[in-house]
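Undergrad: Pasting the sequence and the predicted model now:
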Amino acid sequence: MEVMLFDGWRPILRTLLVGVLSYSALVAMLRMTGKRTLSKLNAFDLVVTVALGSTMATVLTSRDVALAQGIVAFAVLIGLQYAITWTSVRSRRVRTLVKSEPRMLARRGEMLPDAMRRERVTEDELRAAMREAGMDDLARVEVVVLETDGSLSVVERDVGPRAVSS
């Protein structure tokens, strides 16, 4: 097995130059298209963010991919993301194709097993989200919602005024 620790300065200088230029191009494109491009509001957004990262890694490490190709790939991904989000704001049909709806998984202290099964969320995962929100008792939960980005939101029940001990 051959271990290559150093292959000369040329590949290192290429990575440095391509890294700075591709990063600059990506930042410029993201600034032009706005904050929404890298948001993680739904699964579609996450896919685009991961694809941009993968493209950046390929451009940096593969000698077979020219900087210009990488920049075009960034532009395609960002352009499609912009077009889809722009259209989904204006068209219900497009919005339904690319975005999911939030789903309630627990309500007023009770888990909703059918909803949990449909969304493939286990009781352990729901309880982990509750603990992360600082709740250890299901009776304290008003709702647990599986959001469109895959995260779980936990809302505490309003149990009225509490006695304050001194």
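TA: Here it is on my side, so go on. Residues are numbered from 1 along each chain as shown.
Undergrad: Give the buried residues for the helix or strand of the chain at the bottom of the mean pLDDT ranking.
TA: Every helix and strand of the chain was ranked by mean pLDDT, DSSP states H and E. The lowest is helix 92-98, at a mean of 87. Residues Val94 are the ones in helix 92-98 that count as buried (16 or more other CB atoms under 10 Å). (Each C-beta comes from the backbone N, C-alpha and C, glycine too.)
Undergrad: Mind listing residues that contact that helix?
TA: Outside helix 92-98, the residues that touch it by CB atoms under 8 Å, 6 or more residues apart in numbering are 42, 44, 84, 87-89.
Undergrad: Among those, give me the pair with the biggest separation.
TA: Asn42 and Thr87 (14.3 Å; CB to CB).
Undergrad: could you pull out the strands for the protein?
TA: 103-107, 110-111, 141-146, 152-156 (DSSP state E).
Undergrad: re earlier: where helices are concerned, which of the contacts of helix 92-98 count?
TA: 44, 84, 87-89 (DSSP state H).
Undergrad: how near is Met4 to Pro11?
TA: Distance from Met4 to Pro11, counting by CB to CB, to the nearest Å: 10 Å.
Undergrad: Neighbour count for those two, which is higher?
TA: Using other CB atoms under 10 Å, the more surrounded residue of Met4 and Pro11 is Pro11, with 12 against 5.
Undergrad: Setting aside sequence neighbours, what's the nearest residue to that one?
TA: Arg63 (7.3 Å; CB to CB, 6 or more residues apart in numbering).
Undergrad: Quick check: Leu112 vs Ile12, distance?
TA: Leu112 is 55 Å from Ile12, by CB to CB.
Undergrad: Leu80 too?
TA: From Leu80 to Ile12 the distance is 33 Å (CB to CB).
Undergrad: Ser153 now?
TA: 46 Å.
Undergrad: okay, those two: which has more neighbours?
TA: Between Ser153 and Ile12, counted using other CB under 10 Å, the more crowded position is Ser153 (14 against 11).
Undergrad: beta partners of the more buried one?
TA: Using DSSP bridges, the beta-bridge partners of Ser153 come out as Val145.
Undergrad: gap between it and Val76?
TA: 33 Å.
Undergrad: quick one: the helices in the protein?
TA: Counting by DSSP H, the helices of the chain are 9-33, 43-61, 67-90, 92-98, 113-119, 123-132.
Undergrad: Now do the longest one, average pLDDT.
TA: Predicted confidence along helix 9-33 averages 93 (mean pLDDT).
Undergrad: ok, now stretch 57-74?
TA: Rounded mean pLDDT across stretch 57-74 is 94.
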